[in-house]
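Enquirer: Here's a sequence, model it:
(chains A and B)
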Amino acid sequence: MATNPTDIEVFPASDSTLLVRFDRHGGPEANEQVLALAWQLQHQERSRRILNLHPAYESLLIRFDPLVQSHAEIEALVRKRLQVTLPDLPERKQLDVPVCYGGAFGPDLEEVARLTQLIPAQVVELHSSVNYRVCFLGFAPGFPYLGGMDRRIAVPRLDSPRKKVAPGTVAIADEQTGIYPVSSPGGWRLIGRTPLKLFTPDEPSPALVLPGDRLRFRPIAPDDYGRALR
Amino acid sequence: MTDTLRVLTPGLLTTLQDLGRYGYAHLGVSASGPADSLSARICNRLVGNDDSASVLEMTLVGAHFEFGCDALIALAGADFAATLDGTPVPMYEPVRARAGAILRCGSAPTGARSYVAIAGGFAITPVLGSTSTHVMSGIGGLAGRALKRGDMLPLKPAGAAAQPRKLDRSFVQQLRPRTSLRVTPGPQHHVFGEDGIKKLCSQAYLVSEDSNRVGLRLQGRAIEAIRERRMSTEGAALGAIQVPPGGQPIILFVEHQTTGGYPKIANVISADLPSVGQLRPREEVKFELVTMQQAIELLNEQEQILKEAIPPT
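Expert: Predicted coordinates:
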């Protein structure tokens, strides 16, 4: 898809970063453009020009070395890429993610049900009936931000974050859902856990899911969780 | 005796760091790297290493090491009153350590981090292209963690390049860490009103005890949002000053999260990031607004001063 350059905002976020924002109300379309631009910059402008790319829902933060490049040069690079029709992302996967909901694995499931005036089984049903879109990976290594969650199970973050969330924990915050890949602090509401390993730093492709992939949760029993781990 | 460095006591938080792990932010991995990159680069240059060689970063309380082989070493950053077999080791000066020698690093009244470079560097396999330890994510360094008592760090042979080099000390003063950090406006500065940044720059903040390589939490007058503060999660830059609902700013540091949903009022300039790495808990810090243009000039000047003080190997 081609992007109308007037639809984007481009400005320095710091002396070594440039922030590109697509239409804020764009939803999946804007995110698609973000991912396509990030992919282009990563594969077509492979050089020391760009140090890091931070895609998010509707924006892309580009980190560069200000001793080598200027904001204007990076902006020109972005605009040049946007002039051509951005191709679809080449590889997309469909993933099936087994999740053991509730209990010790999902200590907030009951509270989410209470807040949303549902019963826990309905929360699980609504959470596992969507084919989610992986919008971007952020926060921590391999943490997928998933788009498309049913608004009926949207709940605010915890008032005070937990000091430690176990790897594989599936969680909700506002209208977002995601999976904690590594042990980390976290303020989202925890509803279940997957035995899948989302991030393996020693592998050439360390993240199990990538932006643009599709992901569906499949409820499993605690016994299945144990078996899958073995 | 083998070519290793043995950790006798690990200090408070001692990690291996090269200049950082770039190219993986889109997978949620921030660059990590030394909290004070200037000091890391200087000690590498003093022993004839590339800037990108791995160094040891010690935090507030230093480590004790035993050398398994002869080595050329240099210390930079905060002065942890180090001794080599009981003899004080000067800062910013290459020193030869004999096999069996013991390096004891203490602590410092000023500054937070001290660096040790060893000629040749450490024989550590990079993870995702870097040896930098990302403590929060358990990636890189030695088994993805801070050093422990008994760890054996393999050393690379120093080779012919391992000649001691000199730092022109007349420049050191100009490279000293600052407690007044220069900032540029952040992407959500308007959330805090016309004089939001002025408020940030008009008083001192205290560095909180629960600050680390992920972020420095500051305590002082709260900065209030005057416009809608809810925003879509966005990429976060190193040195960004984000303001959560309580109004107490947080400086995102080398192991920062790659994206975040709190508005960012300002961003510490690249030239002053090494100074952030030398801030101690309970130390006072101030902010000073500069333009983007000035920020880039200041970085170029600093790079020039560093080159004149000690050119790259």
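Enquirer: for chain B, where's the lowest mean pLDDT among helices and strands?
Expert: Each helix and strand of chain B was given a mean pLDDT (mean pLDDT, DSSP states H and E); the minimum falls on strand B:259-260 at a mean of 92.
Enquirer: Residues contacting that one, please?
Expert: Here strand B:259-260 makes contact (CB atoms under 8 Å, 6 or more residues apart in numbering or on different chains) with A:54, A:56, A:136, A:138-139, A:145, B:28, B:233-236, B:240, B:242, B:252. From N, CA and C alone the C-beta is placed, and that goes for glycine too.
Enquirer: make it 6 Å
Expert: Strand B:259-260 has contacts (CB atoms under 6 Å, 6 or more residues apart in numbering or on different chains) with A:A56, A:G138, A:F139, B:T233, B:G235, B:A236.
Enquirer: With chain A as the reference, measure out to the fifth one.
Expert: The reference is to B:G235. 3 Å (CB to the nearest CB, to the nearest Å).
Enquirer: Report the beta-bridge partners for that residue.
Expert: B:G235 has these beta-bridge partners by DSSP bridges: B:T259.
Enquirer: Which helix or strand lies directly C-terminal to the least confident helix or strand of chain B?
Expert: strand B:264-268 (DSSP states H and E).
Enquirer: Need the CA coordinates for the helix ranked longest in chain A. PDB is fine.
Expert: If you go by DSSP state H, chain A has its longest helix at helix A:28-44. This file holds the C-alpha atoms of helix A:28-44, laid out as PDB (Å, rounded to 0.1, in the frame of the first residue of the first chain):
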ATOM      1  CA  PRO A  28      -4.600  -2.300  12.000                       C
ATOM      2  CA  GLU A  29      -4.000  -0.300   8.800                       C
ATOM      3  CA  ALA A  30      -1.600   2.100  10.500                       C
ATOM      4  CA  ASN A  31       0.200  -0.700  12.300                       C
ATOM      5  CA  GLU A  32       0.500  -2.500   8.900                       C
ATOM      6  CA  GLN A  33       2.300   0.600   7.500                       C
ATOM      7  CA  VAL A  34       4.600   0.800  10.600                       C
ATOM      8  CA  LEU A  35       5.600  -2.800  10.100                       C
ATOM      9  CA  ALA A  36       6.100  -2.400   6.400                       C
ATOM     10  CA  LEU A  37       8.300   0.700   6.900                       C
ATOM     11  CA  ALA A  38      10.300  -1.100   9.600                       C
ATOM     12  CA  TRP A  39      10.800  -4.100   7.400                       C
ATOM     13  CA  GLN A  40      11.900  -1.900   4.500                       C
ATOM     14  CA  LEU A  41      14.400   0.000   6.600                       C
ATOM     15  CA  GLN A  42      15.800  -3.100   8.200                       C
ATOM     16  CA  HIS A  43      16.200  -5.000   4.900                       C
ATOM     17  CA  GLN A  44      16.800  -2.400   2.300                       C
END
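Enquirer: What's the mean pLDDT across it?
Expert: Mean pLDDT, helix A:28-44: 88.
Enquirer: How far does that helix sit from its chain's centre?
Expert: 14 Å (CA atoms, centre = their mean, to the nearest Å).
Enquirer: What is that helix packed up against?
Expert: strand A:50-55, strand A:59-64 (3 or more CB pairs under 6 Å, 6 or more residues apart in numbering or on different chains; DSSP states H and E).
Enquirer: which intervals of the chain have sub-threshold pLDDT?
Expert: I went with chain A, as the question did not name one. A:1-6, A:24-26, A:45-48, A:85-90, A:230 (pLDDT under 70).
Enquirer: wrong chain, I was asking about chain B
Expert: For chain B (pLDDT under 70), the answer is B:1-2, B:159-161.
Enquirer: just wondering, since we're on the spatially most central residue of chain B, how far is it from A:L37?
Expert: When CA atoms, centre = their mean is applied to chain B, the residue found nearest the centroid is B:A35 (1.2 Å). Computed with CB to CB, to the nearest Å, the distance linking B:A35 and A:L37 is 32 Å.
Enquirer: ok but B:L273 is inside a helix, no?
Expert: Yes. Judged by DSSP: H, G, I helix; E, B strand; the rest coil, B:L273 forms part of a helix.
Enquirer: and B:L56, that's in a helix?
Expert: No. Secondary structure of B:L56 (three-state DSSP): strand, not part of a helix.
Enquirer: Excluding chain neighbours, give the residue nearest to it in space.
Expert: Distance criterion CB to CB, 6 or more residues apart in numbering or on different chains; nearest residue to B:L56, sequence neighbours excluded, is B:V116 at 4.3 Å.
Enquirer: what helix or strand does that neighbour sit in?
Expert: Counting by DSSP H and E, B:V116 is part of strand B:113-118.
Enquirer: now do A:P185
Expert: Applying DSSP H and E, one finds A:P185 within strand A:184-186.
Enquirer: quick one: is that strand near chain B?
Expert: No. Residues of strand A:184-186 are not located near chain B by CB under 6 Å from any CB of the partner chain, the shortest gap being 6.8 Å.
Enquirer: just checking, next helix/strand downstream of that strand?
Expert: Next in line after strand A:184-186, if elements are assigned by DSSP H and E, sits strand A:189-193.
Enquirer: any idea how far that next one is from the chain center?
Expert: Taking mean C-alpha positions (CA atoms, centre = their mean), strand A:189-193 and its chain are 16 Å apart.
Enquirer: Tell me which strands it pairs with, and in which orientation.
Expert: strand A:94-101 (antiparallel), strand A:169-173 (antiparallel).
Enquirer: Check which residues of the helix or strand that contains B:Q293 are buried.
Expert: Assigning secondary structure by DSSP H and E places B:Q293 in helix B:292-309. Residues B:M292, B:A295, B:I296, B:L298, B:L299, B:Q302, B:I305, B:L306, B:A309 are the ones in helix B:292-309 that count as buried (16 or more other CB atoms under 10 Å in any protein chain shown).
Enquirer: still on that earlier bit, sort out which residues of the longest helix of chain A are buried, please.
Expert: Applying 16+ other CB under 10 Å to helix A:28-44 flags A:A30, A:N31, A:E32, A:Q33, A:V34, A:L35, A:A36, A:L37, A:A38, A:W39, A:Q40, A:L41 as buried.
Enquirer: what's that helix in contact with?
Expert: A:3, A:22-23, A:50, A:53, A:55, A:57-58, A:60, A:81, A:86, A:89, A:135, A:211-212.
Enquirer: what's the spacing between the closest residue to B:A123 other than its chain neighbours and B:V95?
Expert: Spatial nearest neighbour of B:A123, excluding adjacent residues (CB to CB, 6+ apart): B:P154 at 4.1 Å. Separation of B:P154 from B:V95 (CB to CB): 21 Å.
Enquirer: Those two: who's more crowded?
Expert: Taking neighbours as other CB atoms under 10 Å in any protein chain shown, B:P154 and B:V95 compare with B:V95 leading, 19 against 14.
Enquirer: Around chain B, which positions in chain A sit nearby?
Expert: A:12-17, A:19, A:51-59, A:61, A:66, A:137-143, A:182, A:201, A:207.
Enquirer: show me the contacts for the spatially most central residue of chain A.
Expert: With distances taken as CA atoms, centre = their mean, A:Y145 lies nearest the centre of chain A, 2.4 Å away. Contacts of A:Y145 were listed using CB under 6 Å, 6+ apart, and they are A:C135, A:F136, A:G138, A:G178.
Enquirer: Same list, those, but as CSV with neighbour count and secondary structure please.
Expert: As requested, the contacts of A:Y145 are arranged in CSV below (neighbours: other CB atoms under 10 Å in any protein chain shown; DSSP: H, G, I helix; E, B strand; the rest coil):
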residue, neighbour count, secondary structure
A:C135, 27, strand
A:F136, 30, strand
A:G138, 29, coil
A:G178, 24, strand
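Enquirer: and which of the residues you listed is nearest chain B?
Expert: Among the contacts of A:Y145, A:G138 lies closest to chain B (CB to the nearest CB), at 3.1 Å.
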